[in-house]
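Asker: give me a model of this one.
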Amino acid sequence: MSQTTSTSRVAVVTGAAHGFGRAISVGLAERGVDLVLVDLVDASETASLVEEQGQRALKIQADVTNEGDIARVRKEIEVSFGRCDILINNAGAYPFKDFFELDYEFWRKIQTLNLDSQFLMTKAVVDLMMKNSWGRIVNISSNSIGLAFPGLTHYMASKMGVIGFTRGLASDLGPHGITVNAIGPTATPNGGTFQHGVDDEVAEAASQMQAIKRVGTAQDIVGTIQFLVSEDAEFLTGQTLMVDGGLVRL
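Answerer: Predicted structure coming up:
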């Protein structure tokens with residue numbers, strides 16, 4: 001992709017190859033947004049879907065926990081688009097593991113992927129938002145923070161961290177015209193986040209505790225994302241919205 005300056009809004013979506021990331025990317029393209037698709041694996045299928053909507057798609061294979069990779073992502077964004085208006089921090093993992101089987105290496109792996117990557121990506125692109133005094137950051141947390149499932153201590157700790165990060169960051173970036181919010185999706189099968197979805201049995205069990213008794217899908221969060229990155233949400237920041245069929249009510 002040659003160097004140019006985009007006139008459309010430009011969104012960066014991490015974990016864009018499938019699941020939530022793919023659904024979000026296509027949903028933003030439907031609203032006239034160009035996409036930077038960041039994933040550890042090839043995001044060609046998502047890119048094709050974005051382009052079918054008439055929007056540009058730049059796919060970058062990168063590890064969002066690696067500072068060198070993130071620096072490369074930042075450089076490619078600047079060369080290809082010259083701007084970044086929206087950041088969706090979606091990349092993450094959802095592995096069940098009993099607390100007594102956890103070791104520090106695995107604990108740190110989950111914190112690094114689910115939380116540290118959001119810090120690193122935000123640091124990499126926030127000045128591009130500040131340049132135009134406008135930006136939207138949406139961090140993917142989880143409704144699990146309001147539940148009590150065993151085997152998710154490491155995961156819940158990381159996703160609670162995302163909420164704290166969101167609240168603090170909203171105060172730091174508000175004066176620069178940038179809003180920061182989080183959403184807490186419900187459990188979805190087939191890799192709603194990175195590459196660790198839940199199986200059908202777990203998703204079905206969760207759905208029966210919801211007010212809306214059906215299994216959630218990646219598509220269910222798209223409308224909320226579209227709203228949060230819109231002009232209509234300019235006075236909404238520092239919040240976490242649970243998009244989970246009414247399972248968790250904060």
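
Asker: alpha carbons only: can I get the helix-or-strand element of the chain with minimal mean pLDDT in PDB?
Answerer: Within the chain, no helix or strand scores below helix 200-207, which has a mean of 78 by mean pLDDT, DSSP states H and E. Provided in PDB are the C-alpha atoms of helix 200-207 (Å, rounded to 0.1, in the frame of the first residue of the first chain):
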ATOM      1  CA  ASP A 200     -20.700 -24.900  23.000                       C
ATOM      2  CA  GLU A 201     -21.700 -26.400  26.400                       C
ATOM      3  CA  VAL A 202     -20.200 -23.500  28.400                       C
ATOM      4  CA  ALA A 203     -21.800 -20.900  26.100                       C
ATOM      5  CA  GLU A 204     -25.200 -22.600  26.400                       C
ATOM      6  CA  ALA A 205     -24.900 -22.800  30.200                       C
ATOM      7  CA  ALA A 206     -24.100 -19.100  30.400                       C
ATOM      8  CA  SER A 207     -27.100 -18.300  28.100                       C
END
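
Asker: what's the local residue count around the nearest residue to Gln219 once chain neighbours are set aside?
Answerer: Nearest non-adjacent residue to Gln219, counting by Cβ to Cβ, 6 or more residues apart in numbering: Ala23, 5.2 Å away. In this view, the C-beta of every residue, glycine as well, is placed from N, C-alpha and C. Ala23: 24 surrounding residues under other Cβ atoms under 10 Å.

Asker: before we move on, what about Ile24?
Answerer: 29.

Asker: same deal with the one 4 residues further on?
Answerer: The tally of other residues near Leu28 (other Cβ under 10 Å) stands at 25.

Asker: chain center to the helix or strand where it lies, what's the gap?
Answerer: Per DSSP states H and E, Leu28 falls inside helix 19-30. Between the centre of helix 19-30 and the centre of its chain there are 10 Å (Cα atoms, centre = their mean, to the nearest Å).

Asker: buried set for the top helix by length along the chain?
Answerer: Once the chain is assigned using DSSP state H, the helix that runs over the most residues is helix 153-173. Residues 154-156, 158-159, 161-163, 165-167, 169-170, 173 are the ones in helix 153-173 that count as buried (16 or more other Cβ atoms under 10 Å).

Asker: touching, Thr217 and Ala187? I think so.
Answerer: No - contact between Thr217 and Ala187 fails when scored by Cβ atoms under 8 Å: they sit 10.9 Å apart.

Asker: neighbour count for those two, which is higher?
Answerer: When neighbours are counted by other Cβ under 10 Å, Thr217 and Ala187 differ, and Ala187 comes out ahead with 24 against 18.

Asker: what's the next secondary structure element after the least confident helix or strand of the chain?
Answerer: The element immediately downstream of helix 200-207 (helix or strand, assigned by DSSP H and E) is helix 222-228.

Asker: after that following helix comes which helix or strand?
Answerer: Assignment by DSSP H and E places the next element after helix 222-228 at strand 240-243.

Asker: tell me which residue lies nearest the centroid of the protein.
Answerer: Among the residues of the chain, the one closest to the centroid is Asn90, at 2.1 Å (Cα atoms, centre = their mean).

Asker: residues contacting that one?
Answerer: Asn90 is in contact with Val13, Thr14, Gly15, Ala16, Phe20, Gly21, Ile24, Ile140, Thr193, counting by Cβ atoms under 8 Å, 6 or more residues apart in numbering.

Asker: where does the prediction get shaky in this protein?
Answerer: Within the chain, the ranges that satisfy pLDDT under 70 run 1-6, 189-199.

Asker: 50 instead?
Answerer: Low-confidence segments of the chain (pLDDT under 50): 1-4, 191-196.
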